[in-house]
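Visitor: Give me a model of this one.
(one chain, ligands or ions: 2)
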Amino acid sequence: MSNKCRVCSSNIKEFMSLGEMPIANAFVLKNDSDKQFFYHLKISFCEKCYTFQLIDIPKPEQMFNENYAYLSSTSSAMIEHFSELSSKIINNTTFSKNSFVVEVGSNDGIFLKNFADKDIKHLGVDASKNVCDLAKEKNVKILNAFFNFEISKKIEKNYGKADVIVSTNTMHHIENINDVVKGMANLIKEEGIIITEDPSLIEMLKNNAYDQVYAEHMYIWSLTSIKNLLSTHGLEVFNIENNEFHGGCSRYFIAKKNTKKIQNSVIEHQNNEDSFGIKKISTYLKFKENVVKSKEKLTSLLKNLKSNKKTIVGYGAPAKSTTILNYCKINNSLIDKIFDNSKTKINKKTPGKSLIDVVDSKEFKEYKSDYCVLFAWNHRKEILLKEKEYSNKNGKWIIPLSNIEII
Ligand code: TMP
Ligand code: ZN
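Guide: Ligands and ions are numbered 1, 2, ... in the order given. Now for the predicted structure:
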């Protein structure tokens, strides 16, 4: 049976496999390592609509459930980032006290809190109950559901159409993406704005950041591919901003077709993607080659250090680290433990065959190690500043991607 593109239904085929993978955020309780779910991480690129996507993905319930471990509010930079986005929305001339803001994938309420605090009408929709409960603690109004066209009609009936719909780090999660975009197109007012933000394909390819790819990131969007997706629902991108979060994200400002002037940023970004070769399969085959090289480099470095009696730990257990650890077959014979500040991960083990203990990052300063793999490499600035004593005491950081930098 041939595989079909989730966006345009064309036939797609695998160009790369990262092997058997557990769910990236399914951190393992001490005695539960034999109860894990695995899937085969196979990657494809649609040569018709240019969507970079996984071929097989687990059922949504395997990924987004009461144990969803990713909490947006673990990084102070992210809290600041979302507060800045909310100010930008509130300060826009078209925004008023009566505006209605909907967030699709509201996580622990990190973004909508900024609206709840100001008594602005809002609603968060999220599929994972545990993060909904955390959002409610912040007085954020929440609907615990998978957003889709049906849910958009329910929201419209109960609250009216939205002035702004925001969805950050969610568009890459959703298998039935056409149903979600149809729901957004239905729920947004004629003059409203949809803002989405996701890891950027061009940045991922440039940084060789293959750890962005796992079941919850079943697509990595580019302007080229998202334009194709939106177009069938009467929507278009009129502005784009790029930032460094999650290793390089693009924020797309979307509106109903022909309602907003297309800004130069969109034309420039499109030119960048075209000259980078975003539509060419050869670009992806080169990426594959680089990923294999990066795996060989990282594993031989860690093995060499270990045979020289060096102690190695890790810092940050993001979902991304599950891809690196399982693809490179790194386990607790190489890395003693990983330090992290998420209460949903501490005292558990990293998913899959890696099974490395995750411990509170407060203990990092006390634990003697020679090398520390910075799995949360996208928070490099924040973590290196917080843990500068480590470098002062001769500890070395390893950045596990591309050329495997040691600092
Ligand atoms: P993220 O890149 O998906 O945001 O995940 C970053 C992970 O790193 C998350 O599990 C929290 C952890 N982390 C720390 O432990 N300490 C820190 O200072 C920061 C910024 C993140
Ligand atoms: Zn396609």
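Visitor: Give the next helix or strand downstream of the helix or strand bottoming out on mean pLDDT in the chain.
Guide: Across the helices and strands of the chain, the lowest-confidence element by mean pLDDT, DSSP states H and E is helix 60-63, at a mean of 76. The helix or strand immediately downstream of helix 60-63 is helix 76-91, counting by DSSP states H and E.
Visitor: quick one: that next one to chain centroid distance?
Guide: For helix 76-91, the separation from the chain centroid amounts to 18 Å (computed by Cα atoms, centre = their mean, to the nearest Å).
Visitor: can you list contacts of that helix?
Guide: 72-73, 95, 101, 110-111, 114-115, 118, 120, 164, 166, 168, 195, 243, 245, 379, 381-382 (Cβ atoms under 8 Å, 6 or more residues apart in numbering). All C-beta atoms are positioned from the backbone trio N, CA, C, and that covers glycine.
Visitor: pretty sure residue 189 contacts residue 164?
Guide: No - under the criterion of Cβ atoms under 8 Å, residue 189 is not in contact with residue 164, lying 9.1 Å apart.
Visitor: returning to what we had before: how about the least confident helix or strand of the chain: buried residues?
Guide: Buried residues in helix 60-63, counted by 16 or more other Cβ atoms under 10 Å: 60, 63.
Visitor: Does anything pack onto it? Which helices or strands?
Guide: Helices and strands touching helix 60-63, as assessed by 3 or more Cβ pairs under 8 Å, 6 or more residues apart in numbering; DSSP states H and E, are absent.
Visitor: how far is it from where the chain is centred?
Guide: Per Cα atoms, centre = their mean, the centroid offset for helix 60-63 relative to its chain is 16 Å.
Visitor: contacting residues around that helix?
Guide: So helix 60-63 is contacted by 23, 25, 26, 37, 127, 146, 173, 175, 215, 216 (Cβ under 8 Å, 6+ apart).
Visitor: Among these, the buried ones, what's the PyMOL command?
Guide: With 16+ other Cβ under 10 Å as the criterion, this PyMOL line picks the buried residues out of the contacts of helix 60-63:
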select buried, resi 23+25+26+127+146+173+175+215+216
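Visitor: ok, back up a step: output the least confident helix or strand of the chain in PDB with nothing but the alpha carbons.
Guide: What follows is helix 60-63 as a C-alpha-only set of coordinates in PDB (Å, rounded to 0.1, in the frame of the first residue of the first chain):
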ATOM      1  CA  PRO A  60      -3.000  10.700  19.300                       C
ATOM      2  CA  GLU A  61      -4.000   9.100  22.600                       C
ATOM      3  CA  GLN A  62      -0.500   7.600  22.800                       C
ATOM      4  CA  MET A  63       1.000  11.100  22.600                       C
END
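Visitor: ok, back up a step: so between residue 189 and residue 164, which is more surrounded?
Guide: residue 164 (23 against 16; other Cβ atoms under 10 Å).
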